[in-house]
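Trainee: generate coordinates for the sequence data below:
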Amino acid sequence: MKKIISVLKPVLLIAGMMFSWLSYSQENFSPGLVINNSGDTLRGLVDYRNWATNPKAVAFKVEVGSSATTFLPTDIIEFRVEDEIYVSAIVEAENTPVEDSRLEYDSKLRISLDTLFLQTLVDGKKGLYYYRNNEGRENFYIKKDDGFELLIYKKYLIRQGTTSSIRTISNYIGQLNLYFSDCPDILQKVNRASYDQGTLIKLFQEYYKCFSTEITFQRNPETIRFEIGVLAGVSNSKLKFYGAVKNWDFLENSDYKRSTDFSGGVFFDFVMPRRMRKLSLNNELLLFMYQTNGYDEQTNFNNDNIKISTEFTYSYLRLNNLLRYRFPVGNATVFINGGVSNGILLSEEQYLKKEITTSYSGTNIYESNTVLPQTKKFDLGFLAGAGVRLKKLSFEARYEKSDGMVMSSSIGSKVTRYYLLLGYCFR
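Mentor: Got it, this is the predicted structure:
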C-alpha cells in the first residue's frame with residue numbers, strides 16, 4: 001500500500017495535466033454534410049463537439065484519413081451532424097447579459113450585426129433558431145422570407161430610491177403575436193411565454209397543430225441526465241497534529257501509523273447537457289473509518305522519563321460534492337474530478353496511556369479514554385481524483401485532505417487520505 005501511495009500523488013497531478021490537454025486536442029469526426037455557397041451538398045465527416053455555445057467555425061473532411069477543411073459562416077450555407085443543423089445567417093444579436101448579478105442600469109439595446117451559425121430548433125412553415133455566445137447570452141430568431149428576425153429581449157435595472165428593481169424589454173411577445181397571427185388559438189399562450197428554448201419550442205408545436213401540418217425538423221433541448229450507483233474500495237488515512245502548545249506537544253511529536261480500511265457508499269451524478277456531456281456534478285454519501293496509534297517519549301527538566309501512547313478510532317459519513325470532467329478514450333471514458341468533502345462524525349474512541357518513570361517513585365501508569373477535551377462533529381475537506389469508466393463499471397484513485405477532529409486553538413490536526421474505489425452505475 002505504501003508503494004501505491006507514493007506513486008498516486010505524481011500520477012494524479014500528471015493525469016490531470018494530460019487529461020486537460022487531451023480534452024482540448026481531441027477530435028470527434030462524425031458523419032455529416034455541408035452545403036456550400038453554390039448550393040452543392042458535400043457529404044463526409046464533421047468535427048462534432050456538441051457545442052454549448054454556437055461554433056464560430058466547423059471542420060469537415062471527405063473521408064477518414066483525408067485532410068480537414070475549416071469553414072466559417074461566410075463559407076457555407078449550412079452544415080448537419082448528428083441530430084443538429086446549423087445555418088449561416090447575417091443577423092442582429094443582443095449582447096447585454098441577462099443574469100441578475102450582471103444586469104446594467106441601461107435600458108438601451110446593445111445590438112451588433114454579424115454573420116453567425118444559428119442552430120435550428122424548429123424548421124418548417126415557421127422556423128425557430130438559436131444562438132448562444134461565449135458569455136452565455138442566448139438569442140432566438142424566427143425565419144422570415146427575407147432572412148432571420150431577432151426576437152428581442154433584455155433585462156436591466158432601475159433605481160427606486162435606495163433600492164434597485166429589474167425591468168424587462170419583451171418585444172418578442174409582440175413579434176410572436178404577429179408571427180402566429182394566422183393561429184389565434186395560441187395567442188394567449190404567446191402572451192405568457194418566457195424567453196427560453198423549452199417554452200418557445202412548445203409554442204411552435206402548438207402552432208403546427210393549428211394546421212395539422214408536420215414539423216420538418218425539431219431539435220429537442222437536452223436535459224440533465226441523472227445517474228445513480230454504488231462505490232466500494234479501500235481508504236488509507238494518515239493523521240497529523242501540528243501547532244501544539246507545550247501541553248499537547250506529545251501529539252505533534254507522535255508519528256501516527258497509516259490506517260487502511262474499507263470505504264463504501266452511493267453516488268448521484270447529475271450529467272450536464274451539451275459539451276458531449278463531459279461535465280457533471282457528482283454527489284456521494286460515503287462511509288469510512290480509520291484507526292491509528294502513535295507514540296512519543298521525552299524527558300522533562302526533572303530528568304523524568306515520560307512515554308505516551310495514544311490511539312484514535314473515528315468513523316464518518318461523508319458528503320462529497322465534486323465537479324467531474326469526462327471524455328472518451330476508445331471504448332472507455334476517462335474522468336477527473338475535484339471538490340469538497342463534508343464529514344459527519346458517527347463514532348469516536350480515544351485512548352491515552354502515560355508511563356512516567358522517576359528516580360524516586362519508579363514507574364507510574366495513567367490511562368484515560370479521553371485524549372482531546374473536545375472534538376468536532378463535522379470536518380471539512382478537499383479532494384481530487386482521476387479514473388476510468390467502461391460501460392457501467394468504474395475505477396478511481398483519489399486524494400483527500402481534511403481538517404480532522406480537533407476543536408482547539410492550542411493544537412490543529414489534518415487527515416490526508418487516499419482512496420482506490422470501484423463503482424457500478426445502475427442507470
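Trainee: just name the shakiest helix or strand of this protein by mean pLDDT.
Mentor: Least confident helix or strand, the chain: helix 2-25 with a mean of 47, by mean pLDDT, DSSP states H and E.
Trainee: partners of the very next helix or strand once past that one in the sheet?
Mentor: Counting by DSSP states H and E, the element after helix 2-25 in chain order, helix or strand, is strand 29-36. Sheet partners assigned to strand 29-36 using DSSP bridges are listed as strand 41-47 (antiparallel), strand 76-81 (antiparallel).
Trainee: name the residues that touch the first one?
Mentor: If I follow you right, that is strand 41-47. With contact meaning Cβ atoms under 8 Å, 6 or more residues apart in numbering, strand 41-47 is reached by 27-36, 58-64, 66, 68, 79-81. C-betas here are computed from N, CA, C, even on glycine.
Trainee: likewise the last one?
Mentor: Around strand 76-81, the neighbours that count as contacts under Cβ under 8 Å, 6+ apart are 30-37, 39, 46, 48, 58, 60, 71, 85-88, 117.
Trainee: quick one: low-confidence ranges for the stretch 201-350 of the chain?
Mentor: Along the stretch 201-350 of the chain, the model assigns pLDDT under 70 to no residue.
Trainee: what ranges does it have for its helices?
Mentor: 249-253 (DSSP state H, counting those that start in this stretch).
Trainee: show the buried residues in the contacts of strand 76-81.
Mentor: 32-35, 46, 48, 58, 60, 71, 85-88, 117 (16 or more other Cβ atoms under 10 Å).
Trainee: show the backbone phi and psi for the residue lying farthest from the centre of the chain.
Mentor: If you look at how far each residue of the chain sits from its centre, by Cα atoms, centre = their mean, the farthest one is Y360, at 65.4 Å. Main-chain dihedrals, Y360, degrees, to the nearest 10: phi -110, psi -20.
Trainee: so for it, what's the pLDDT?
Mentor: Note for Y360: predicted pLDDT of 80.
Trainee: check P373 too.
Mentor: Looking at P373, its pLDDT reads 81.
Trainee: can you get me a residue count around the closest residue to it other than its chain neighbours?
Mentor: Closest residue in space to P373, ignoring its immediate chain neighbours: S408 at 7.4 Å, by Cβ to Cβ, 6 or more residues apart in numbering. With neighbours defined by other Cβ atoms under 10 Å, the count for S408 comes to 16.
Trainee: part of a strand, is N177?
Mentor: No: if the criterion is DSSP: H, G, I helix; E, B strand; the rest coil, then N177 is helix and not within a strand.
Trainee: so what pairs up with the residue nearest to S402 when sequence neighbours are not counted in the strands?
Mentor: The shortest distance from S402 to any non-neighbouring residue, by Cβ to Cβ, 6+ apart, is to G381 (3.0 Å). Beta-bridge partners of G381, counted by DSSP bridges, are S341, S402.
Trainee: so who does G381 touch?
Mentor: G381 sits next to R318, V340, S341, N342, G343, E400, K401, S402, D403, V415 when contact means Cβ under 8 Å, 6+ apart.
Trainee: I'd assumed V406 was in contact with the last one.
Mentor: No: assessed by Cβ atoms under 8 Å, V415 is found out of contact with V406, at 10.2 Å.
Trainee: export the strands paired with strand 29-36 as a markdown table, with columns for mean pLDDT and distance to S107.
Mentor: Formatted as a markdown table, those follow (pLDDT from 0 to 100; distance: least, Cβ to Cβ, whole Å):
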| stretch | mean pLDDT | distance to S107 |
| --- | --- | --- |
| strand 41-47 | 96 | 41 |
| strand 76-81 | 96 | 36 |
